[in-house]
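In: Got a sequence here, can you build the structure:
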Amino acid sequence: MKADIRKILVVVEETRRESDIVIEPPTRKAAAAAVIVNPFAGRYVEDLTLLMEIGAELGSLLGGRCVKTLGISPEDAQSYGKAAMVGENGELEHAAAILHPKLGGPLRQSVEKGAALVPSSKKMGSPGQVLDIPLGHKNAAYVRSHFDAMEMQLNDAPRCNEIMVAVAITDSGRPLPRVGGLTIDQVKGEDGLR
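Out: Next comes the predicted model:
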């Protein structure tokens with residue numbers, strides 16, 4: 001593995017009640033984060049290929065951890081998202097290099113298919129800051145019931161020479177969705193939109 005991982009955190013959020021209404025089955029989101037050494041911290045490097053390769057490794061590792069933690073089969077995953085927070089000695093472009101060119105393919109394999117773009121966010125940060133992981137339906141961007149997010153936070157990450165990389169996967173949409181849009185049973189999953 002090319003990623004030098006200091007720690008991994010995996011969490012599940014399960015919503016059982018919303019507005020005094022019991023949610024059955026509960027909506028569930030899992031997020032997995034890896035805190036890695038930033039190989040380019042403190043210096044400008046033109047070629048970010050190493051970070052792109054690390055992104056591919058982490059897409060598979062973190063996506064697989066989320067699916068396993070939810071206890072579902074890959075095809076039962078409904079939403080996904082990705083995010084990265086770079087410590088102060090890094091650049092925002094380091095997060096982009098991890099997230100965009102190669103992380104998505106292995107993440108899609110973890111959830112079987114994934115025709116829609118993987119929502120993403122990137123930011124600079126310091127230990128204890130919250131990283132928001134945007135979520136969207138894996139096969140159809142117009143499924144509004146799955147527009148959501150999940151937060152990750154580690155009290156000691158990212159340190160100045162680190163990057164915190166996170167992936168989130170759900171087995172459902174938001175609890176009690178009612179803002180319209182494409183419904184799950186209408187998804188074709190061909191163009192990533194519908």
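
In: List the buried residues in the lengthiest helix in the chain.
Out: Longest helix in the chain, counting residues (DSSP state H): helix 49-70. Buried residues in helix 49-70, counting neighbours by 16 or more other CB atoms under 10 Å, are found at 51-67, 69-70. To be clear about C-beta, it is placed using only N, CA and C from the backbone, and glycine gets the same treatment.

In: same question, stretch 121-132
Out: Quick answer for stretch 121-132 (16+ other CB under 10 Å): 121, 122, 125, 127, 131, 132.

In: Now do the contacts for the second one.
Out: Read that as residue 122. Residue 122 makes contact with 83, 84, 85, 86, 92, 95, 96, 99 under the criterion CB atoms under 8 Å, 6 or more residues apart in numbering.

In: now swap in the first one and tell me
Out: If you count contacts by CB under 8 Å, 6+ apart, residue 121 has them with 83, 84, 131, 132, 133, 134.

In: got the angle between the helix or strand where residue 84 lies and helix 49-70?
Out: Secondary-structure assignment from DSSP states H and E places residue 84 in strand 79-86. Strand 79-86 and helix 49-70 are oriented at 130 degrees to each other (axes from the mean of the first three to the mean of the last three CA atoms, to 10 degrees).

In: Return strand 79-86 as PDB; C-alpha atoms alone will do.
Out: Extracted in PDB, the C-alpha atoms of strand 79-86 (Å, rounded to 0.1, in the frame of the first residue of the first chain):
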ATOM      1  CA  SER A  79     -25.800   6.700  -1.600                       C
ATOM      2  CA  TYR A  80     -22.200   7.600  -1.500                       C
ATOM      3  CA  GLY A  81     -19.900  10.500  -1.100                       C
ATOM      4  CA  LYS A  82     -16.200  11.400  -0.500                       C
ATOM      5  CA  ALA A  83     -14.300  14.200   1.200                       C
ATOM      6  CA  ALA A  84     -10.800  15.100   2.300                       C
ATOM      7  CA  MET A  85      -9.300  17.600   4.700                       C
ATOM      8  CA  VAL A  86      -5.700  18.700   4.300                       C
END
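
In: Pull up the pairing partners for it, direction included.
Out: Strand 79-86 has the following sheet partners, assigned by DSSP bridges: strand 120-124 (parallel), strand 131-137 (antiparallel), strand 162-170 (antiparallel).

In: highest average neighbour count across those strands?
Out: Comparing the strands paired with strand 79-86 by mean neighbour count (mean count of other CB atoms under 10 Å), strand 162-170 comes out on top with a mean of 30.
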